[in-house]
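Asker: my questions are about this predicted structure, shown below with the sequence.
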Amino acid sequence: MTSAITINHEELLAAARDVAHHAYVPYSGFPVGAALIDSEGTITTGCNVENAAYGEAICAERNAVTSMVARFGYRQIVAVAIVGLKAAPCWPCGACRQVLREFNCGAVIVEDSEHQPLSLDFEEILPNSFGPDALEQE
Ligand code: THU
């Protein structure tokens, strides 16, 4: 799908880095921030939030996606940037890829090992994916 939204890679990565400082990570010590831009050009951020019941941790990307839906009701992610304060690049986990897929994410932006922006089409990180369209087939 084409989009009229301009993606500023540096700006989106900076927003992801900023929110990573809010991460609640007493168990892993691995702060992550995500910033997504939607079809209206609004940026929504999220960080990872862990729990003493380890399995209840939420990743930064899913935190950002659920915030976008709850705050604005948007359904279309143009791009998401992800920053891990302890690792570059910090790729989204499998569960987050599937959740981003639900909202038609177009591109994923991470920092390479030299902290330069690296942008991939979403199809490259989750090829042949399952999505809402499959449920519409007879
Ligand atoms: N984490 C994320 O927030 N996003 C990812 O895509 C990968 C992993 C978090 C989960 C956990 O709080 C910490 O990083 C270590 O796995």
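Answerer: Thanks, I have the structure now. These numbers were taken from a predicted model, which means no experiment stands behind them.

Asker: with adjacent residues omitted, what lies nearest to the residue nearest the centre of the chain?
Answerer: Taking Cα atoms, centre = their mean, the centroid of the chain lies closest to residue 61, which sits 3.8 Å from it. Nearest non-adjacent residue to residue 61, counting by Cβ to Cβ, 6 or more residues apart in numbering: residue 96, 3.9 Å away. C-betas here are computed from N, CA, C, even on glycine.

Asker: quick one: buried residues of the strand or helix carrying residue 16?
Answerer: Per DSSP states H and E: residue 16 is located in helix 9-20. Residues 9, 12-13, 15-17, 19-20 are the ones in helix 9-20 that count as buried (16 or more other Cβ atoms under 10 Å).

Asker: return the residues of this structure in contact with the ligand.
Answerer: By Cβ under 6 Å from any ligand atom, the residues of the chain that approach the ligand are 25, 28, 30, 32, 48, 50, 57, 59-61, 92-93, 96.

Asker: backbone dihedrals for the residue nearest to residue 61, please?
Answerer: The phi/psi pair for residue 96 (degrees, to the nearest 10) reads phi -70, psi -40.

Asker: same thing with the one 10 residues further on?
Answerer: Summarising the backbone geometry of residue 106 under the convention degrees, to the nearest 10, its torsions are phi -90, psi -40.

Asker: just give me the neighbour total for it.
Answerer: Other residues near residue 106 number 21, with proximity taken as other Cβ atoms under 10 Å.
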